[in-house]
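Student: For reference, the sequence and a predicted model appear below.
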Amino acid sequence: MTPEVHAWLLDLGYGHRTAVAPRHMAEYVFDPALHAVPLAQAHLRGVTRWRGLLVPLVDLAVLLGEPRIEVERRRAVILAYRTAEDAPIRFGGLIVRAEPKEIPVRDDMACPLPSEPEAWREIALSCFSHEEQPVPILNVAALFPEMRAATEPALSAPLAVGSSAPAEPQPLADSHIQEATGP
């Protein structure tokens, strides 16, 4: 039997889901204040102030090709990541449609990335099946590289984001979730 680890399952809307390792989950925020960023791409909903930092809020469903959903009270998760092992921790926000759910994941749950939307190839590390549906594992650092360029001209405070080249999808056995359970 393969060892079991945990991941946070995130509902992005329109039937899209993704997962992140526990080490990436910084906080679930209900109804964060949203400040628009002029000339930003459609999937960048704006920035929010979180713990003294301006953090970009991305609507991943829009990046995946879905129309924007305007809701009365939005929800977001603040994700922590590094662009390199010795790099400082950076933060980015992801709009979600429901409270994150912690789920068990095993290597035998690995499956291919969905062929559509193609954006998954650039922002997912690998994929597993949960409740008979594919769940791409988000490469958090790959999601936020353009955020600094998209937001810096409009903001006076530094953003807590960085850049990283997208990684090729790899099998679950390469510890995309497991590394989060170590020391």
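Tutor: Right, received. Where do you want to start?

Student: For the spatially most central residue of the chain, report the pLDDT, please.
Tutor: Geometric centre of the chain, nearest residue: Val140, 4.9 Å, by CA atoms, centre = their mean. Looking at Val140, its pLDDT is 93.

Student: Now it. Its backbone dihedrals?
Tutor: phi -60, psi -40 (degrees, to the nearest 10).

Student: in terms of contact, does it touch Arg82 like I think?
Tutor: No - in this structure, Val140 is not within contact of Arg82 by CB atoms under 8 Å, at 9.2 Å. Using the backbone N, CA and C atoms, a C-beta is placed for each residue, glycine as well.

Student: if we can go back for a sec, what about the residue nearest to the centre of the chain, distance to Arg121?
Tutor: Val140 sits 16 Å away from Arg121, going by CB to CB, to the nearest Å.

Student: Ok, Val135 next?
Tutor: Per CB to CB, Val135 is found 15 Å from Arg121.

Student: Which residue of the two possesses the greater neighbour count?
Tutor: Per other CB atoms under 10 Å, whichever of Val135 and Arg121 has more neighbours is Val135, with 24 against 14.

Student: and that one, that one's in a helix?
Tutor: No - counting by DSSP: H, G, I helix; E, B strand; the rest coil, Val135 is not part of a helix but strand.
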